[in-house]
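**Q** no sequence on this one, just coordinates:
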C-alpha cells in the first residue's frame, strides 16, 4: 500500500512515493521532470514503481498539462485526486475572498508549514514563502487562519520583463552585491532584493497584526538562492508541498487503507 504525491508547477512536475499516506511516512522514491518531458514518465521514471494505492496531486499548470499527467498514470488502475482549495482543511482556515480561487500550491504549502510547526510544538503566526517561477508570500496567524498573501514575479520573469522592455539589457546572470557596479549584478541584485523586501514587509505586517513575530518558512526550487540575502530568520524546507499533501492525504484516504 503506497501513496503517490504529485506537485505540478509551472515549470516542472515533482513526484514522491511514500509507504503510506501519513505524515512522516518513509519516502520510497522521488523525482522531477520538466513539463515538456511529462509524456515519458510511464515509460521511464514511473515504469518500475509499484502501483500506488492512492494518488493525490497539486497542480497549477493548465488543463492540457493535467490531461497529459493523467494519461501517464493509466499504467495503474488508480484514479488520481486533486487538491482544490476549500474554506477549511487539515486545521487551516482559508481567508481568501473566494477560497477555491487560491492557488492549490499555495494552499498545500501553508498546510505543510502549519503542521511542521505544530509538530515542533510551535503555535505562532507564520510566513510561508515559495520561490519558483513566481514568488508567493503568505501570512497565517497562530490559530491557523490564512490572512492573505502576495504574488510577485520570480527572478526569471523579472529579468525577461526588463530584457523585453529595455534596450540593451541582454546580459548574463550576475551576482548579488550590496552595491552593484555592473548591469549583470544590478539586475540580479534588484530581483533578489525585491523578493527579500516583500518577505520583510509581510513579516512586519503580520507582527503588527498579531502582536508577535512570526516563524518564516521558505520553499521552492530557487529558495536556496535567496538564503544569503534574506533579512529575516527563516527555515528552508525543500519538500513543503509534499508535507502538505501527506497531511491532506492522511485525512482523505483513511478508509481506503
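**A** Alright, I've got the coordinates. From a predicted model like this one, the values you see are computed outputs, not experimental measurements.
**Q** you'd agree residue 123 is up against residue 141?
**A** No - applying C-beta atoms under 8 Å, one finds residue 123 not in contact with residue 141, separated by 10.1 Å. Every residue, glycine included, has its C-beta placed from N, CA and C.
**Q** how's this structure carved up into domains?
**A** With domains defined by automatic domain parsing, the chain comprises 3-82, 88-241.
**Q** show me the one of the ones you listed that comes nearest residue 252.
**A** domain 3-82 (6.9 Å; C-beta to C-beta).
**Q** quick one on the thing from earlier: more neighbours: residue 123 and residue 141, which one.
**A** Higher neighbour count among residue 123 and residue 141: residue 141, with 18 against 13, using other C-beta atoms under 10 Å.
**Q** residue contacts, that one?
**A** 125, 147, 206, 209-210 (C-beta atoms under 8 Å, 6 or more residues apart in numbering).
**Q** tell me the most packed of those residues, by neighbour count.
**A** residue 206 (25 neighbours).
**Q** just confirm that residue is within a strand.
**A** No - applying DSSP: H, G, I helix; E, B strand; the rest coil, one finds residue 206 to be helix, outside a strand.
**Q** leaving out the residues flanking it, which one is nearest to it?
**A** Leaving aside its sequence neighbours, residue 206 sits nearest to residue 139 (C-beta to C-beta, 6 or more residues apart in numbering; 4.5 Å).
**Q** how many neighbours does the one you found have?
**A** 23.
**Q** check which helix or strand covers it.
**A** Using DSSP states H and E, the element containing residue 139 is strand 134-140.
**Q** if we can go back for a sec, which of the contacts of residue 141 lies closest to residue 180?
**A** The closest of the contacts of residue 141, once distances to residue 180 are taken by C-beta to C-beta, is residue 206, at 30.4 Å.
**Q** coming back round to it: for the helix or strand just after the strand holding residue 139, buried residues please.
**A** Going down the chain from strand 134-140, the next helix or strand is strand 145-153, by DSSP H and E. Residues of strand 145-153 classed as buried by neighbour count (16 or more other C-beta atoms under 10 Å): 145-149, 153.
**Q** helices or strands up against strand 145-153?
**A** strand 92-94, helix 104-119, strand 134-140, helix 183-210 (3 or more C-beta pairs under 8 Å, 6 or more residues apart in numbering; DSSP states H and E).
**Q** who's in contact with whichever helix or strand comes after that strand?
**A** Following strand 145-153 in sequence order, the next helix or strand is helix 155-165 (DSSP H and E). Helix 155-165 is contacted by residues 133-134, 153, 169-170, 173, 187-188, 190-192, 194-195, 222, 225 when judged by C-beta under 8 Å, 6+ apart.
**Q** I'd like the average pLDDT over helix 155-165.
**A** Mean pLDDT, helix 155-165: 82.
**Q** got the angle for it vs strand 145-153?
**A** Taking axes from the mean of the first three to the mean of the last three C-alpha atoms, to 10 degrees, one finds that helix 155-165 is oriented at 40 degrees with respect to strand 145-153.
**Q** show me where the stretch 1-150 of the chain has helices.
**A** Assigned by DSSP state H, counting those that start in this stretch, the stretch 1-150 of the chain shows helices spanning 63-72, 104-119.
**Q** among these, which is nearest residue 95?
**A** Nearest of the helices of the stretch 1-150 of the chain (C-beta to C-beta): helix 104-119, 10.5 Å.
**Q** pull out the buried residues from that closest one.
**A** The neighbour-count criterion (16+ other C-beta under 10 Å) identifies 104-117 as the buried residues of helix 104-119.
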